[in-house]
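Participant: my questions concern the predicted model and sequence given below.
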Amino acid sequence: MLDRNIRVSELLKQEISNMILFGEIKDPRVAHVLITRVDVSKDLTNAKIFFRTYEDEDIKNIEETLNRASSFIRNRLFKKLRLKKAINLKFIYDDSQKYLDKIDEILRKIHGE
């Protein structure tokens, strides 16, 4: 079951990334979005899609735009991937890089750089 979730997560990540890259999602606000991770529930009914942007943009606005487009994306994925049931999608901004940068900064201070 775990292998299936990992495969589905990676497949969703790849397909959503392609939808953004090739302009299937027409809204220009999502043109600079990078999908970083997808977490799928055990029963494959829900997916959290984590994203970042290439530039400092209005993150909240982009997140809202992606979540508004989630039904369109879900329907496209359902057809493309021939899923047995549609997966509910929730887009969430991935701020893990900020935490990594902060940890790196603290470590540099500790080592006196």
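Facilitator: Received, thanks.
Participant: am I right that A47 is in a strand?
Facilitator: Yes: the assignment for A47 is a strand, going by DSSP: H, G, I helix; E, B strand; the rest coil.
Participant: now do the same contact list for the spatially closest residue to Q97 that is not a sequence neighbour.
Facilitator: Closest residue to Q97 apart from its sequence neighbours, by CB to CB, 6 or more residues apart in numbering: R52 at 6.7 Å. (Glycine included, C-beta is placed from N, CA and C.) By CB atoms under 8 Å, 6 or more residues apart in numbering, the contact set of R52 is V33, L34, T36, Y93, D94, Q97.
Participant: kindly recompute the last result at 10 Å.
Facilitator: 32-37, 59, 62, 93-97 (CB atoms under 10 Å, 6 or more residues apart in numbering).
Participant: so which of those comes closest to N5?
Facilitator: Using CB to CB, R37 is the member of the contacts of R52 that lies nearest N5, at 12.8 Å.
Participant: and the closest one, helix, strand or coil?
Facilitator: Under three-state DSSP, R37 falls in the strand class.
Participant: just E57 next, same as before
Facilitator: Per three-state DSSP, E57 ends up coil.
Participant: got a pLDDT number for the closest residue to it other than its chain neighbours?
Facilitator: Once flanking residues are discounted, E57 sits nearest to H32: 6.6 Å by CB to CB, 6+ apart. Listed pLDDT for H32 reads 89.
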